[in-house]
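Trainee: Show me the folded form of this:
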Amino acid sequence: MNIPRLSPIDTSIVQRMRKLRPAKNITDLIVCIVRNELGVDPLAYRHYRGERLVTARFMFMVFMVKYSKETYKLISSVVGKDHATVNHAIKKVQDLCDTDPEYKLIYDRIDYKIKSNLS
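Mentor: Predicted coordinates:
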């Protein structure tokens, strides 16, 4: 089996976002919580479409929209996608939360941890 070579995400965009929110550093908080809950770093690879990584990316994007005031363009550029991917992630996560109870539990657990760390 030929496994594709995975390229790491461009860290310059992440560094730029960290400068935008130095007080709370919401980006690092969301990445850390999503990584701990799902076991996958949502910023790990740009061109890999494995299910677990896509789920982690979608969760990251949804919670960035929910808890930060960043634009869709900036959020999507962190994971190497475009703004339409953020729209798709929001719809997909909402649909999965409505239909899959296990997915909803994971979403709620991540949401609770982010809320408790922000307060």
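Trainee: and the host helix or strand of residue 95, which residues are buried?
Mentor: Secondary structure assigned from DSSP states H and E places residue 95 in helix 83-99. Counting neighbours by 16 or more other CB atoms under 10 Å, one finds that the buried residues in helix 83-99 are 85, 86, 89, 90, 92, 93, 96, 97. Every residue, glycine included, has its C-beta placed from N, CA and C.
Trainee: can you check stretch 106-118 too?
Mentor: So for stretch 106-118, counting by 16+ other CB under 10 Å, buried means 106, 107, 110, 111, 113, 114.
Trainee: swap in stretch 34-42?
Mentor: In stretch 34-42, counting by 16+ other CB under 10 Å, buried: 34, 35, 38, 40, 41, 42.
Trainee: first vs last residue of it, how far apart are they?
Mentor: 7 Å (CA to CA, to the nearest Å).
Trainee: For that stretch, give me every contacting residue.
Mentor: 31, 52-53, 55-57, 59-60, 63, 79, 106, 109-110, 113 (CB atoms under 8 Å, 6 or more residues apart in numbering).
Trainee: ok, now with 10 Å
Mentor: Residues outside stretch 34-42 that contact it (CB atoms under 10 Å, 6 or more residues apart in numbering): 8-9, 30-32, 43-44, 50-64, 78-79, 106-107, 109-110, 113-114.
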